[in-house]
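S.K.: let's see this in three dimensions:
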Amino acid sequence: MRLFAALRPDPRVVEHLVSALRPIRDTATASLRWPDPDQWHVTCAFYGEVPDGSLDAHATRVAAAARRVDALGLSLRGAGSFADRTLWIGVGGDLTALRMLMEACSDHETAQHRRAHLTVARARPRPDPRTGGRRASGRRLRDGGDLPSIVRALSVYTGPTWIAREVELVRSELGKGRSGGPRHTVVGSFPFGPTI
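M.R.: Numbers count the residues shown, from 1 in each chain. Got it, this is the predicted structure:
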């Protein structure tokens, strides 16, 4: 199974961002794919494909990480792109505590510094002429087109603050969600702060 740990923004935060993105989506190039806002999340740790039997160990790790932090005041702000392929909105607020949570959730021996972000669009795979028009192995992507101008336009975006009170452990099933995207199922929710 494919797993990750994540924070889910408050519904009003999601709606605010949906409204801010609407004019951009209406005019953006067709080479961008916009995931379902119901799937939006701030990833704390990505575990990838793991054996089904490791679910309890991952849940124990995430629960322990959650106990180390208190509620986080967060907001979505600014924008950027990874390799002109992925459009993301940044995260502001209690970033020191958020980084600590991300490191504690990570199962990597050497935790890498990751930028807290919420992915809102990806460049669509482009057909590979060498394969008769079928999509390439995933490395050849259509040009993000106007992605740099979209990033500039969203660089001043600031959404409302929300209080994150729990971290979720989520199972991701690629291709099983709406419009062929991933389907995310919460397999555990872990409140912040020590348990009484």
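S.K.: every contact and neighbour count from this point should use C-alpha atoms.
M.R.: Noted.
S.K.: show me the beta-bridge partners of the residue nearest to Gly188 when sequence neighbours are not counted.
M.R.: Among residues not flanking Gly188 along the chain, Leu169 sits closest, at 5.0 Å (C-alpha to C-alpha, 6 or more residues apart in numbering). Leu169 has the following beta-bridge partners by DSSP bridges: Ala5, Gly188.
S.K.: can you pull the contacts of Leu169?
M.R.: Leu169 makes contacts with 3-6, 59, 62, 186-189, as judged by C-alpha atoms under 8 Å, 6 or more residues apart in numbering.
S.K.: mind listing what's buried in the longest strand along the chain?
M.R.: In the chain, with assignment by DSSP state E, the single longest strand is strand 72-82. Residues of strand 72-82 classed as buried: 72-81 (neighbour count, 16 or more other C-alpha atoms under 10 Å).
S.K.: just stretch 52-66 next, same as before
M.R.: For stretch 52-66, by 16+ other C-alpha under 10 Å, it's 55, 58-59, 62-66.
S.K.: and if you look at stretch 7-27?
M.R.: Of all the residues in stretch 7-27, those buried under the rule 16+ other C-alpha under 10 Å are 7-9, 13-14, 17, 21, 25.
S.K.: same question for that stretch, mean pLDDT?
M.R.: Averaging pLDDT along stretch 7-27 gives 93.
S.K.: next SSE downstream of the helix ranked longest in the chain?
M.R.: Identified as the longest helix of the chain according to DSSP state H is helix 11-27. Per DSSP states H and E, the first helix or strand lying C-terminal to helix 11-27 is strand 32-33.
S.K.: what's in contact with that following strand?
M.R.: 121-124, 144.
S.K.: return the helix or strand in this protein with minimum mean pLDDT.
M.R.: strand 32-33 (a mean of 84; mean pLDDT, DSSP states H and E).
S.K.: sheet-wise, list the partners of it with their directions.
M.R.: Paired strands of strand 32-33, defined by DSSP bridges, are strand 117-123 (antiparallel).
S.K.: tell me what His184 is bridged to.
M.R.: Ser172.
S.K.: count of residues packed around it?
M.R.: Counted by other C-alpha atoms under 10 Å, the residues lying close to His184 total 20.
S.K.: contacting residues for it?
M.R.: Neighbouring residues of His184 by C-alpha under 8 Å, 6+ apart: 39, 170-173, 177.
S.K.: go again with 10 Å.
M.R.: Contacts for His184 (C-alpha atoms under 10 Å, 6 or more residues apart in numbering) come out as 2-4, 38-40, 169-174, 176-177.
S.K.: among these, which one sits closest to Thr158?
M.R.: Proximity of the contacts of His184 to Thr158 (C-alpha to C-alpha) peaks at Trp40, which lies at 16.6 Å.
S.K.: hang on, the earlier thing: now do the helix or strand following the longest strand of the chain: everything it contacts.
M.R.: Remark: after strand 72-82, the chain's next helix or strand is strand 86-93, criterion DSSP H and E. Here strand 86-93 makes contact (C-alpha under 10 Å, 6+ apart) with 17, 32-34, 42, 72-82, 98, 115-124, 144, 147-148, 150-151, 154-155, 157-159, 161-163.
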